[in-house]
Every structure is written in structure tokens, then in C-alpha cells.
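Asker: Here is a sequence with its predicted model. Questions after.
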Amino acid sequence: MPLDRLDNCIKAPIGVAQTLGLETVVVAAPPPDQRSMNAAGWRALAQKLTRHAAVLAEAGLKLAWHNHAWEYKPFA
């Protein structure tokens, strides 16, 4: 699920997940122009994902993150 769909209107992805009988909503990484690869950017993203996870949990759903190799690079 693209992160911006959760950002813009989380009710729609919840409805899709429930209709399909899913237990977990998997979030894809934001596009390069919408992500920051520094510590502050990662903290902000973590806070956003935590908020989304709480809303999804209220609907009986879990949140998962689809990770990539570039997310494991050390900070400069």
C-alpha cells in the first residue's frame, strides 16, 4: 500500500483490506522525493507509521513495512 494512501484517507485502505480479508496492511517505501535519509527523517517517518498502526489496530489490522537495501545504509 503506498504510504500516501494512508496519509490522505486511511479509511479507504482499511475498507480495501477488510473487503479482501487481510490481516496486515504492508506499506511500501515512499518515493525518493518524499523521504529523508537522515536520522530526523527516519524518526518522523516512524512517528507517522506509529500513528497509522494505531488507527489500523482499531480496525483489527496490523501494519508492516516492506524494507529495501538502501534503508540499511549507515548515516553519514
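Answerer: Nice, I can see it.
Asker: Phi, psi for the residue nearest the centre of the chain please.
Answerer: Residue closest to the average C-alpha location in the chain (CA atoms, centre = their mean): residue 27, at 4.1 Å. In terms of degrees, to the nearest 10, the main-chain angles of residue 27 are phi -100, psi 130.
Asker: Same check on residue 30?
Answerer: Dihedral angles (degrees, to the nearest 10) for residue 30: phi -70, psi 150.
Asker: Just give me the neighbour total for it.
Answerer: 15 (other CB atoms under 10 Å). The C-beta positions use only the backbone N, C-alpha and C, and glycine is treated the same way.
Asker: and the closest residue to it other than its chain neighbours, what is it in contact with?
Answerer: Computed as CB to CB, 6 or more residues apart in numbering, the closest residue to residue 30 that is not its neighbour in sequence is residue 3, at 4.9 Å. Neighbouring residues of residue 3 by CB atoms under 8 Å, 6 or more residues apart in numbering: 27, 28, 29, 30, 34, 48.
Asker: Out of the residues you listed, flag the one nearest to residue 7.
Answerer: The nearest member of the contacts of residue 3 to residue 7, counting by CB to CB, is residue 48 at 7.4 Å.
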